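Peer 1: need a 3D model of the following:
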Amino acid sequence: MRCPTLAELPPPPPRRTGWPWTVETPPLPSARPDGSPWPRISIVTPSYNQGRFIEETIRSVLLQGYPDLEYIIIDGASTDQSAEIIQKYEPWLTYWVSEKDRGQAHAINKGFAKATGDIGAYLNSDDMYLVNALTIASNLFIQFHYDLLIGRQARPTYKPKWRLLRRSWWKHFLNWLPPLYLVGEKCTIAQESSFWRLARYRLFQFDETLHVLLDSEWYYRTTPGARVLLTSRRTGFYRHHADTKTATLQHVGHQESLRLEEHHKALRPVFNECRVIRRSLMFKMPFIVAKSILPWVNNYYLYIHPPVRR
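Peer 2: Predicted coordinates:
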């Protein structure tokens, strides 16, 4: 399906402006310059009672201006206005359903069972893509033939008068490539900025026994031996709010982290190697300084080929 234009979608709610309400990504031509088709991108959104945010999520996918999009929404029988909002955008959805399921991982697996694309990703119903996210993912797929693409994450910005005093802002500013995995310590992958080759990972389902670290466990299983591409480009926006599972189920996340560390202990050497690579990059301060001066320096890429541990 071709992404709809801003004029084709329902009008935004009152007083909503900017991306993705009154702004759209410039549309790509129907075919690539050599006449070949664009890779099909399949996006799955698991949804449950996120009616406050889901319309913004949906519009951030549909307004990407991409020529070949599959968009699938699996709602777990939400009791708020989610189903009504989804139905409003039904003409531009490949498939959607609202019915009880066994949780987020089950919803994602159900969605990808319907997907037929070359590139896959899932976007939670309270996050969103940034302008040109799908164009970036597609062009890098054509150029580098990655198995897994990990981009940087955008978050709400600090107020200008305070941000220079915050250590977290400086860490974010100086982080010119996305952080890698720290197995058993902290998961720092931006899930909403990740895309992968569906042909390679079609049989890799998400673990339906996990509720918080289902994406971490999936990355642990799929990364070793894969062609991984890191990019400094920000493609997704993570919405931090009080009702996220990360905030409300911290005790569950801790238990799952201990379980994953024990289960994937054999993979620790792989991710230690990734960590060493990233630390060596962080010493390249001239590039970091240049990034703040020259816009074109913003596009850094790095291959990582973790060896397969048996």
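Peer 1: contact partners for residue 140?
Peer 2: Contacts for residue 140 (CB atoms under 8 Å, 6 or more residues apart in numbering) come out as 146, 149, 229, 231, 301. In short, each C-beta sits where N, CA and C put it, glycine included.
Peer 1: out of the residues you listed, which end up buried?
Peer 2: Buried members of those, counted by 16 or more other CB atoms under 10 Å: 146, 149, 229, 231.
Peer 1: measure stretch 22-39 end to end?
Peer 2: End-to-end distance for stretch 22-39, by CA to CA, to the nearest Å: 27 Å.
Peer 1: now that stretch: buried residues?
Peer 2: 24-25, 27-28, 38-39.
Peer 1: check which helix or strand residue 216 maps to.
Peer 2: helix 214-222 (DSSP states H and E).
Peer 1: which other helices and strands does that helix contact?
Peer 2: If contacts are counted by 3 or more CB pairs under 8 Å, 6 or more residues apart in numbering; DSSP states H and E, helix 214-222 sits against helix 104-113, helix 250-263.
Peer 1: list the buried ones in it?
Peer 2: For helix 214-222, by 16+ other CB under 10 Å, it's 214-222.
Peer 1: that helix versus helix 104-113: what angle between them?
Peer 2: 60 degrees (axes from the mean of the first three to the mean of the last three CA atoms, to 10 degrees).
Peer 1: point out where the stretch 151-300 of the chain drops to low pLDDT.
Peer 2: Along the stretch 151-300 of the chain, the model assigns pLDDT under 70 to residues 155-177, 179-188, 240-254, 256-259, 261-300.
Peer 1: could you give the bridge partners of the residue lying closest to residue 110 once chain neighbours are set aside?
Peer 2: Distances taken as CB to CB, 6 or more residues apart in numbering put residue 74 closest to residue 110, at 5.1 Å, once the chain neighbours are dropped. Residues in a beta bridge with residue 74, per DSSP bridges, are residue 46, residue 97.
Peer 1: correct me, but residue 74 touches residue 101?
Peer 2: Yes: with contact defined as CB atoms under 8 Å, residue 74 reaches residue 101; the gap is 7.0 Å.
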